[in-house]
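**Q** Dropping the sequence and predicted coords here.
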2 protein chains.
Amino acid sequence: MSPVQQRLNETHDAALRSWVPSANQAGTDFPIQNLPFGVFRRAGSAEQFRIGVAIGDQILDLGAAGEAGAFAALPQEIRDAVAGSSLNALMALGEASWSALRMALSRALREGSADEAKLKGALVERSHAEYTLPARIGDYTDFYTSIHHATAVGKLFRPDEPLLPNYKWVPIGYHGRASSIAVSGQQFRRPVGQTRPPGTDAPVFGPCKRLDYELEIGIFMGTANTLGEPVAIGQSEQAVFGLCLLNDWSARDLQAWEYQPLGPFLAKNFASTISPWVVTLEALAPYRTGWTRDFADPQPLPYLDSPQLRESGAFEVQLEVLIQSAAMRNNGTPPKRVSLSNFRDSYWTVSQLVTHHTVNGCNLQPGDLLGSGTQSGPDAAEAGSLLELTAGGKQTIELADGETRKFLEDGDTVVMRGWAEAAGRPRIGFGEVSGTVLPARPTEG
Amino acid sequence: MSPVQQRLNETHDAALRSWVPSANQAGTDFPIQNLPFGVFRRAGSAEQFRIGVAIGDQILDLGAAGEAGAFAALPQEIRDAVAGSSLNALMALGEASWSALRMALSRALREGSADEAKLKGALVERSHAEYTLPARIGDYTDFYTSIHHATAVGKLFRPDEPLLPNYKWVPIGYHGRASSIAVSGQQFRRPVGQTRPPGTDAPVFGPCKRLDYELEIGIFMGTANTLGEPVAIGQSEQAVFGLCLLNDWSARDLQAWEYQPLGPFLAKNFASTISPWVVTLEALAPYRTGWTRDFADPQPLPYLDSPQLRESGAFEVQLEVLIQSAAMRNNGTPPKRVSLSNFRDSYWTVSQLVTHHTVNGCNLQPGDLLGSGTQSGPDAAEAGSLLELTAGGKQTIELADGETRKFLEDGDTVVMRGWAEAAGRPRIGFGEVSGTVLPARPTEG
């Protein structure tokens, strides 16, 4: 058995329990088999942000843990990397370092660990924490990997040709805006801009009327490739640090008017929100499944194909979207689920995205973020955007207390959650990403 | 007269001469009226990169100049900013600081300056320098501001509808890749990827066969706007630090297959090259002209309109493209001019790009780069790409010694130059951006 496989077996042992009691409770997102990374501080404090690992309802402060003498057996470069205030340095170290750190964390946090006394002082309650972006994001790329989403949206934008001829060959992607990505809790003003009302020639200027969310997986890159040097499909997952949840807010009416011929721009770059916790690929290893699409429709080009795709190319991650209106919040009604889908239904896999992105020599860097694109499943109830759930605003969906939605209204909070389950294993979760729509700025037209 | 106007008058006095003799020679890009900023070190050295200002055939090393006691009268924040190894900190300080620094540089470098003895030791010959990117580029956005280019390219991609209905209303732009932007001298491998040969259904994989350049102006942002706070058109130029030259290399065959529906991706992100020198908007002030388009076709929406557009919205900057093949280089034949155009012919102005980009609340940060899009003029000989000059590869252009081109071949070097001229004033130049195509990596298909 390889050392990697040995470590996997040890850290994923379903019988492992933590000395942090809440990590052993059924239904927690953060049992000891998960160990996701984030960057946090005590809410409302002026503390430096620092790297933490979620465990039950607690966060292990890695800076404080290091000072308390944990990780003394790890190489200096790992100890330095986890003492910082973003994950970039750790991301740059590569798979062997991530795995060694995960093993050290698993051993330190399990029942019977000799480190328990040392580490108790390095715990912060999650309910007392606030977060910042887990990494400095250099470049952000958004893909379009759900064939169900692409077909449904294509029907609305191009009824004559919903799925374009390149879709089944090319992992379609485009560059997004890194500066406007924020962590869960983001509140943003409804964007204003140009739209062209149906049946008119000239556009009008004003607040977006068709504001939407998009349910996505975010993929944080770890190790970099040199400009000019592609990452072959067999090595591409080793370059990925982990996954998070991503809400790619979208202004559909702005998008419809601006997107030809160079793609979405102002319709997408006013805000994007990610979850604070990044779940590593090693944590997700037991929750993999084979690539779900028909391999012969069409056979992928060789640079995008590998035996691993068929065995374990996809991720079994349940993805849920919930909405809570201002009225619901005010009267204590919890967010209402509006869809549930699964990342395994993605037409393209994470390894294909990395390889395709670099095949022309483009360089990815530690902390770069790739979006999966909206994750809609094959059934209508699995649609990852309102655009799809309401057939472009032709239908409504029901919230609570008689409220309905075609698109988002001011005050709406959108919550996304994700988790992985497999028989005989604890569930591991992504936590959540939430964001709230504020009214548009007043405009003079 | 305002202090800004006073400073402008003083630093642009056509009679000003520098104690650096080469700055006074006719035809130099860098007379004392220019004073562009870059980041350099002695070629082949392991020195730290540092900020410099081009003057004639010399570079004034601002770090060394500061240590020698120049700029003692400037605020500490400016002295700290110019002692760094990128322009980001200076860019963040804002227009008043940029102007004060320019004035100090003009006074220090002019004939009769008391600083001459102090500064002589801070000069480095430009021919001995190597450069890096002038700023850390957070996000890169590329626009599409030449209606001549948009129409010509539209004819090739969409013969039935060359200019889309949104073009005259929306400054069309899309996000590009920041990580693969490098400074003049960049050498890059011909990209490989998917293309679909005409008349076939399935794509093939291999080296790009239609490799092209795009002649652009790069716009470096100075001061940031807060997420959610647009920059009004009257304030937008104050947020711009300066302009450079930009070659947005493009793989036309990859682009044609991948660009629907989300825009160009791998066709553009393998390499982009910028000039080392950033010419400030204050240096360009005397070379402004009114917006050249017909204001009534259509009347721009109010957020994109201002009296300043009509008075001095555009920039009179000549833009030249030259090609030198490997054979020409080997036998000493200089690069051959293939086009000459002018930035004044841009349909959208710099101030409109900044305002449009932020109107939805998107935040721009110091060091962000905006590309103007390919600058083609109204005449066919003013086309800023081979795609246009060869009508999509249907014609050839002549280089020297009987060589012709439809698209770029391995070993070709593309050189772009830019300069501004006005009656009674010295010419000021951008220097050049050059880049060279290397053969593709071998592929297994």
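**A** Cool, the structure landed.
**Q** ok, and residue A:411, which helix or strand is that part of?
**A** Following DSSP states H and E, one finds residue A:411 outside all helices and strands.
**Q** my guess is it contacts residue A:436, does it?
**A** Yes: using CB atoms under 8 Å, residue A:411 makes contact with residue A:436 at a distance of 7.2 Å. Where C-beta positions appear, they are placed from N, C-alpha and C, glycine not excepted.
**Q** who's more crowded, these two?
**A** Shown here are residue A:411 and residue A:436; by other CB atoms under 10 Å in any protein chain shown, residue A:436 has more neighbours (19 against 16).
**Q** ok, now which ones touch whichever residue of the stretch 1-150 of chain A sits closest to chain B?
**A** Residue nearest to chain B within the stretch 1-150 of chain A (CB to the nearest CB): residue A:139, separated by 5.3 Å. Applying CB atoms under 8 Å, 6 or more residues apart in numbering or on different chains to residue A:139 gives the contacts A:175, A:178, A:364-365, A:368-369, B:177-179.
**Q** swap the cut-off to 6 Å and go again
**A** A:368, B:177-179 (CB atoms under 6 Å, 6 or more residues apart in numbering or on different chains).
**Q** Check residue A:85 too.
**A** Going by CB under 6 Å, 6+ apart, residue A:85 touches A:48-50.
**Q** Find the residue closest to it in space, skipping its chain neighbours.
**A** Distances taken as CB to CB, 6 or more residues apart in numbering or on different chains put residue A:49 closest to residue A:85, at 4.7 Å, once the chain neighbours are dropped.
**Q** Can you list phi and psi of the one you found for me?
**A** Backbone geometry at residue A:49, expressed as degrees, to the nearest 10, gives phi -70, psi 150.
**Q** likewise residue A:90?
**A** According to degrees, to the nearest 10, residue A:90 has phi -60, psi -40.
**Q** could you measure it against residue A:235, distance?
**A** The gap separating residue A:90 from residue A:235 is 19 Å, by CB to CB, to the nearest Å.
**Q** Those two: which is more packed in?
**A** Neighbours per residue, other CB under 10 Å: of residue A:90 and residue A:235, the larger number sits with residue A:90, 27 against 15.
**Q** Surely the more buried one and residue A:81 touch.
**A** Yes: here residue A:90 reaches residue A:81: they are 4.1 Å apart, a contact under CB atoms under 6 Å.
**Q** What parts of chain A come near chain B?
**A** Residues of chain A lying close to chain B by CB under 6 Å from any CB of the partner chain are A:138-139, A:164, A:166, A:169-170, A:172-180, A:189, A:191, A:193-194, A:203, A:205, A:227-228, A:257-258, A:260, A:262-263, A:265-266, A:269-270, A:301, A:359-363, A:365.
**Q** Those residues in strands, which ones?
**A** Assigned to strands by DSSP state E, the following of the residues of chain A next to chain B qualify: A:173-176, A:189, A:193-194, A:205.
**Q** Redo those as CSV? Include neighbour count, distance to residue B:122 and pLDDT.
**A** What follows is these, written out as CSV (neighbours: other CB atoms under 10 Å in any protein chain shown; distance: CB to CB, whole Å; pLDDT from 0 to 100):
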residue, neighbour count, distance to residue B:122, pLDDT
A:173, 26, 46, 98
A:174, 27, 45, 98
A:175, 25, 40, 98
A:176, 25, 42, 98
A:189, 20, 48, 98
A:193, 30, 48, 98
A:194, 24, 50, 98
A:205, 17, 51, 98
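**Q** Not counting sequence-adjacent ones, nearest residue to the residue of the stretch 301-445 of chain A found nearest chain B?
**A** Residue of the stretch 301-445 of chain A nearest chain B, by CB to the nearest CB: residue A:360 (3.7 Å). Spatial nearest neighbour of residue A:360, chain neighbours left out: residue B:191 (3.7 Å); criterion: CB to CB, 6+ apart.
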